[in-house]
Every structure is written in C-alpha cells, then in structure tokens.
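> From the sequence below, what's the structure:
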Amino acid sequence: MDVHLIPGRGFDSNIYLIVGKTSTLIDTGLGLNHDYVVEEIKRYIPAEEIKQIILTHEHIDHCRGAKKLIEETGENTILLAHRYATDRLKQESNRMSEIFGVFMPSIKIDKRLENGDVIDIGDHVFQVIHTPGHSPGSICLYDETKKLLFSGDTVFSHGGFGRYDFPGGDPFALLKSLERLASLDVENVYPGHGEMVIGMGSSHIKLALQNLRLLI
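From the prediction side, this is the model:
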C-alpha cells in the first residue's frame, strides 16, 4: 500500500497521504504549516488528485487545516468524518481551539461516517471503527486484508493511547475502544502522533490496553 507520512510539526497531527485510485489524506493538522504540508503532498502527486480527506476526530490539531487544504485540492475533494465530529465541526470556535489559542473556522463535512461503514482508500477497502474515549467522534480505519490500522489518537506506538481529560473524553469508553482494537489482527499502525508501527502492530495495541487498565 502506497502510504506516505507527513510528520506533524509543532502541535500538528501526523498527516497520511495514501496514493491510488482513491487518493486520500487522513487528517490535516492545525493549518499553521500549510505550505509545508502542500509541498510534501506535491512530492508524490498533484494536490488536485486528492479525492477525499478523512478526519479521524474533531480535535483542532487534526482538522483545522482542512478548510485551507480544500482550496489546494479543489472542489472535487470531499471531507469525511464521524457523525459526532461532523456536528461539532459546523461550529466556529470551541473549547479545544481555546486551549490551542487559535480560531477554529466552521468546517462543512460532505459525508458523515458511522461505525461499520466501508470506504475505499487508495487501492484498498477499509472499515470505519468508531473508537470513542479520546473524543466522542474518534474513528479508526482498518484494512482486514492488509492488516493496516489508521488509529488517530486512539492508540499510539509502544503502548501509548490518547488522553481522556479533554472535553468529551472518557477513560471507560477508551477502554472499550482499545479492547475492540486489540481483537483485530494488525501488523502496521499509523497513529495520529509519533512514530508508525511497521510489523507486530497488535502487540503495541495490547500493551496500550494493558497500560490503560493499570490506570483505571
């Protein structure tokens, strides 16, 4: 699978470019490093070839850059997010934007995602998994055939997991989300922050589950 990491700078999330029949961006960062992100995209494909941008959740470090990126990718690019995130992103500003100290514009989502939805990304088919806990609108994207997981801020490498002390966070919901992910066969994990896991992804997820259980 043709996955390219655009590492987050500063408070930005990681951004993933998946090239293929349905070229896709997963997350967009804060938008403060817009020129850097666009130049990284153009290393692989023209920005206009991106057909969709999927937001893993509604937190500003993952989604604020979407509005400006759409200006680069063009009107044929659609934005997708979970139903809860869609409703939140309609609003200008929020408590998360106040935490980061930047204005949050209203973002219109073109397609609302639900748990169990199936979506084409690149040249592969992924399942949408609703994984609340870090935020109510968090999703992961799983390719059962290739054993790949785009995990947003639900789970990170080396047993890390998303914090649950932001508005809408819930440690017990996160526990259930990690239990669900731990039941999957995962080789590669592409998280919202930090390094990717290439090989033995399930062991990193199970360690995260163990670590959270010790906390709560």
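
> ok, which stretches of the protein are helices?
34-42, 60-63, 66-73, 83-89, 95-100, 171-182, 201-215 (DSSP state H).

> and the gap between the closest residue to residue 26 other than its chain neighbours and residue 172?
Setting aside the residues directly before and after it, residue 26 is nearest to residue 16 in space (CB to CB, 6 or more residues apart in numbering), at 4.3 Å. No exception for glycine: its C-beta is placed from N, CA and C like everyone else's. Residue 16 sits 29 Å away from residue 172, going by CB to CB, to the nearest Å.

> between these two, who's got more neighbours?
More crowded of residue 16 and residue 172, by other CB atoms under 10 Å: residue 16, with 23 against 12.

> who touches the more buried one in this structure?
Contact analysis of residue 16 by CB atoms under 8 Å, 6 or more residues apart in numbering lists 3, 4, 5, 6, 25, 26, 27, 150, 190.

> Find the residue at the geometric middle of this protein.
residue 56 (3.0 Å; CA atoms, centre = their mean).

> Show me what the nearest residue to it once chain neighbours are set aside is bridged to.
Nearest non-adjacent residue to residue 56, counting by CB to CB, 6+ apart: residue 152, 3.0 Å away. On the basis of DSSP bridges, residue 152 is bridged to residue 191.

> Repeat that for residue 4.
residue 17.

> pLDDT wise, what is residue 45 at?
For residue 45, the pLDDT comes out at 98.

> tell me the contacts of it?
Residue 45 sits next to 17, 19, 23 when contact means CB under 8 Å, 6+ apart.

> Using CSV, write out the CA atom coordinates for the lengthiest strand in the chain.
Taking DSSP state E as the criterion, the chain has its longest strand at strand 124-130. Provided in CSV are the C-alpha atoms of strand 124-130 (Å, rounded to 0.1, in the frame of the first residue of the first chain):
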residue,chain,number,x,y,z
HIS,A,124,-7.9,-0.8,-0.7
VAL,A,125,-11.1,-1.1,1.3
PHE,A,126,-11.2,0.0,4.9
GLN,A,127,-13.7,-0.4,7.7
VAL,A,128,-14.7,2.5,9.8
ILE,A,129,-14.4,1.7,13.5
HIS,A,130,-15.9,4.2,16.0
